[in-house]
Every structure is written in C-alpha cells, then in structure tokens.
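J.: Requesting a structural model of the entry that follows:
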Amino acid sequence: MNITDDAASELHPRYRLLGSVRTGNAFEETVEHLLRGIKIGLFPAGERLPAERELAKVLGVSRATLRDALAELQQARYLSIQRGRYGGAVVAPELPSRGAALGSQDRAAVEDVLAFRAAVEPAAAALAADSTLTASDRTRLLDGLRSVSGAGPGQYRPLDARLHITIAELGGSPRLAAAVAEARAATSDLLDRIPFLERNIEHSDLQHTSIVEAILAGDPTLARTLMLEHLEGTAALLRGFLTEATQEPEA
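T.: Purely as a prediction, here's the structure:
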C-alpha cells in the first residue's frame, strides 16, 4: 500500500526525497530508494535509519519487504544491524569500495543500456509468445528455465542471459535476437559490478516462470508486460548501486 507524499512529509519533511515504491518490484525499488537516501546524505554515514514502521510507511512497502532490503544492504556492507533497545539499521561509516560506482557523467550511458534493453526484450518476449512453437522449442524454453532456477551464484547470471536470449531466438527474428544478445552483454557488464542479492534472485526466478508460462500460453500482451516488469526490477538495482545521486537533501 502506498501513502501520499503529504502523508510522508508529516513524518519528516526530507522523507519526500525518498519517494514511494510504485511497481511490482517492491524489493528492488526499496533497495534503490534506500541507496539513494544514503548517497544524497538523507541517511548520513554512521547514523541510524528511522524505525522500520516509519520507514516502511514512507516507502509504501510492508515491513517484511523493508527487512529483506535492509538485510541485503547489510550483507553488501552498506548498513550494519544493531540489536537491543537502541538498535536498528545504521549506515556504514564508509560505503563499500568496489571500484564500480559510476559518476554522474556516466548516468546517461547506464540509462542508454536500460532503455535499449526495455525496447528489445519485451518485444522479443511478445514475438516468442505469438510464434508457433514446436515441441522442441517448448522443451528448450523449459530446460532454460530449469537451468537458471537451479543455478548457484557463480552460474546464475550467464544462465539468466541464456534464457533471455533463448526467448528472443524463439521469436524467429535473427536481428531481434542479436539485439537482445547485445543488450544482455551490456547489462551483464553492469550486473557484474553490483552485489548478488538472494532476495532479488528469488523474485527474478518467479518472474522468469511467469514469462515462460505466458509465452507457452501464446499470450504476447502478457509476455510483453511481464518482461518489462522484470526488467524494471533489474534497472532499479543498477540505478541504486551504480549511479551517483544528483539531488541534495533539504535542510
């Protein structure tokens, strides 16, 4: 459930800068918004984040989703979680250095990759769903889904890319399949620079299953919609981890 901007501002005027989560990728967007809050100094280094109940209201997410996001950011060393009466999530004194963060001058390059992917991959999913798939095609698609669903961290991203390219190939357009392969290569370069988040992978697996089911059911509109939503989750994480904030917090 989302709350209005006015309701958020009643808790703290600066919370308006966080914004509320508005898509089906609640976990990924929550991570993005929290990282943005850290990067613009809304949550300064070494300081405690607001209480979970308060923060969940501002973001418009459940406390369970917020806790998942906080746990992953702790694992990625952006936060520490302190227990006890005065405990809570505390921003790390120094943010982790991965040699990966992109400056504001590179924001356009990241957005170009994401825009290209959002243009070609939903179209490829729709085309695959609109195609007459053979028994071999269906087996190949299901095999790809099973492979990525059972993959560990070391193999997940290559098998994830392979599934997306398979979907594009089943549409029967070599040029579109080549475009998807190009988009996936560029996206993989970016994904290699951010942490591997287990909660995101669980969500991604569910989305993969829904996309494959829509393709096998011959529903191009649903396949396109589900693929776009899936891509938006990845985009939220990449924006959160890789791009520098450009807006300063209000006094």
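
J.: Am I right that V90 is in a helix?
T.: No - counting by DSSP: H, G, I helix; E, B strand; the rest coil, V90 is not part of a helix but strand.

J.: And the helix or strand hosting A109, what does it pack against?
T.: Assigning secondary structure by DSSP states H and E places A109 in helix 107-129. In terms of contacts (3 or more C-beta pairs under 8 Å, 6 or more residues apart in numbering; DSSP states H and E), helix 107-129 is packed against helix 153-170, helix 174-191, helix 198-216, helix 220-242. Every C-beta, even on glycine, is put in place using the N, C-alpha and C of the backbone.

J.: ranking the ones you listed by burial, who's on top?
T.: With neighbours defined as mean count of other C-beta atoms under 10 Å, the helices and strands packed on helix 107-129 peak in mean count at helix 220-242, which reaches a mean of 21.

J.: Work out the gap between stretch 164-180 and the centre of the chain.
T.: Shown here is stretch 164-180, whose average C-alpha point lies 23 Å from the average C-alpha point of the whole chain (C-alpha atoms, centre = their mean, to the nearest Å).

J.: re the thing from before, and V21, which of the helices and strands packed on helix 107-129 is closest to it?
T.: With C-beta to C-beta as the measure, helix 220-242 is the member of the helices and strands packed on helix 107-129 nearest V21 (9.1 Å).

J.: by contact count, what packs against that closest one?
T.: helix 26-39, helix 107-129, helix 174-191, helix 198-216.

J.: Could you pull out the buried residues of the longest one?
T.: Read that as helix 107-129. Counting neighbours by 16 or more other C-beta atoms under 10 Å, one finds that the buried residues in helix 107-129 are 110, 113-114, 116-118, 120-129.

J.: tell me which residues in the next helix or strand after that helix are buried?
T.: Sequence order places helix 135-149 as the next helix or strand after helix 107-129, per DSSP H and E. For helix 135-149, the buried set under the neighbour-count rule, 16+ other C-beta under 10 Å, comprises 137, 141, 144-145, 147-149.

J.: What count of nearby residues applies to P93?
T.: By the measure other C-beta atoms under 10 Å, the count of residues near P93 is 9.

J.: Can you tell me the SS state at it?
T.: Using three-state DSSP, the secondary structure recorded for P93 is coil.

J.: need the contact list for it.
T.: For P93, the contacting residues are 45-46, by C-beta atoms under 8 Å, 6 or more residues apart in numbering.

J.: sorry, back to before: need the helices and strands packed on helix 220-242 in TSV with mean pLDDT and distance to R83, can you?
T.: Converted to TSV, the helices and strands packed on helix 220-242 look like this (pLDDT from 0 to 100; distance: least, C-beta to C-beta, whole Å):
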stretch	mean pLDDT	distance to R83
helix 26-39	92	20
helix 107-129	95	37
helix 174-191	93	32
helix 198-216	96	21
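
J.: Would you mind giving the ones you listed as JSON lines with distance to P93 added?
T.: As requested, those are arranged in JSON lines below (distance: least, C-beta to C-beta, whole Å):
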{"stretch": "helix 26-39", "distance to P93": "12"}
{"stretch": "helix 107-129", "distance to P93": "26"}
{"stretch": "helix 174-191", "distance to P93": "27"}
{"stretch": "helix 198-216", "distance to P93": "25"}
